[in-house]
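Enquirer: Dropping a prediction and its sequence here:
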Amino acid sequence: MTEEQRSSHRRPTISDVAIRAGVSKGAVSRTFNGGKGISPGTMARIRAAAAELNWTPSTAARAVSGGPAHAVGLVLRRPAELLELDPFFPAFLAGVESALTSVGYAAVLRFVGDSHTEREGYEQLVGERRVDGFLLTDLRHRDPRFELLSRLGARAVVAGSPGRTCPFPWVSTGSAGQVRELIRHLIAQGHRTIAHVAGTPSLRHARRRRQLWQDTVVEAGLEPGPVVTGDFTTDGGARATRELLDQSPRPTAIFYANDLMAIAGLSVLAEHGVKVPDDMAVAGFDDISLASYVTPALTTVRCDYRRMGQIATHTLLAQLRNEDVAPQFTIGGELRLRRSTGA
């Protein structure tokens, strides 16, 4: 079979329509999603290209008719280990599913490895009308998805604290007070050199936890201790802990940006004969199920990610019904003081 024959048997895509019409995939997406920002002449050319290529009813026809897809999209760009072990995503998705099932909607998940495939994923899901809106997680510093989805005319709700420039409603944990309370607890226990094992620097929640740790230490009249990036993984947490043990003088307390890194750190400290909490206090964030079962039990901040998923989804569904929604909803965290910090 020749290349031309193979091409003729291949199902047409949004890219084919864009090439035929001489426009971007985003222009095709907007044409079949209300036509925002597209001139009538360009829209006519795009629709003609779609008709010539016989773009299938399951995609183009749905867009032309304007019928809902009854689906919500999540495009995820994160390391494989975090998808396996991260406490946030399974709990958040459970909340999403519980909210969607009650109204006959489905979740469409798209896993991507880089910014290019991420952008293409959003453009395709919008252009082919596979979803009616998006839930955004893993917020990044100066997140480009806000501008992209606004340009595509897509509805979205953000899970996290996106900052003032976010054009979409958002649902946050509101755990800043609990992080500050945790650091003050360490200071009250007599610690004067408190280190931090940070998460991936490009993620807003990692930057936020680091800033809260630093601000609280400085407000107490102390110098911030050393910072090592652990990227939210167990391997990263173990490596960061070894690096901190090589510091002179050593810190007497470590605040880890998540529990996975903290539990890995407990193991490394035990290997080196460092007693917790006598020689080193350890605290994490998330309150995963193992946190209360490790020895010593881990002090941490609990966040209800399942409820976060439910509220974010209900907010998006209300948007899709053209109802007024609150621009911001805060869930609230809870400090769990345990033996790892001497509680």
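Expert: On my side now, so go ahead.
Enquirer: how many neighbours does Ser186 have?
Expert: Slight slip there: residue 186 is Leu, not Ser. Using other C-beta atoms under 10 Å, Leu186 is surrounded by 26 other residues. Heads up, the C-betas are built off the backbone N, CA and C, glycines and all.
Enquirer: I meant to write Thr101 there.
Expert: Quick note: Thr101 (other C-beta under 10 Å) scores 11 neighbours.
Enquirer: can you start the count at 36 instead of 1 from here on
Expert: Noted, 36 is the first residue going forward, which turns the last one into Thr136.
Enquirer: Next one: it from Leu352, what distance?
Expert: 12 Å (C-beta to C-beta, to the nearest Å).
Enquirer: try Ala134
Expert: Ala134 is 7 Å from Leu352, by C-beta to C-beta.
Enquirer: Val193 is in contact with Leu351, correct?
Expert: No - judged on C-beta atoms under 8 Å, Leu351 makes no contact with Val193 at a distance of 10.0 Å.
Enquirer: where do the contact lists of those two overlap?
Expert: Common neighbours of Leu351 and Val193, using C-beta atoms under 8 Å, 6 or more residues apart in numbering, are Leu170.
Enquirer: returning to what we had before: would you mind grabbing the residues shared as contacts by Ala134 and Leu352?
Expert: Joint contacts of Ala134 and Leu352 (C-beta under 8 Å, 6+ apart) do not exist.
Enquirer: how near is Asn357 to Asp167?
Expert: 12 Å.
Enquirer: Can you pick out the residue with more neighbours from those two?
Expert: Asp167 (22 against 7).
Enquirer: Now do that one against Leu295, distance only.
Expert: From Asp167 to Leu295 the distance is 34 Å (C-beta to C-beta).
Enquirer: Likewise for Ala211?
Expert: Counting by C-beta to C-beta, the gap from Ala211 to Leu295 is 21 Å.
Enquirer: Neighbour count for those two, which is higher?
Expert: Ranked by neighbour count (other C-beta under 10 Å), Ala211 and Leu295 place Leu295 first, with 28 against 19.
Enquirer: Just give me the neighbour total for Thr77.
Expert: 18.
Enquirer: quick one: pLDDT of Ser324?
Expert: Each residue has a pLDDT score; the one for Ser324 is 89.
Enquirer: and it, what does it touch?
Expert: Counted by C-beta under 8 Å, 6+ apart, Ser324 has zero contacts.
Enquirer: Which residues does Asp370 form beta bridges with?
Expert: Quick fix: residue 370 is Leu, not Asp. Val336 (DSSP bridges).
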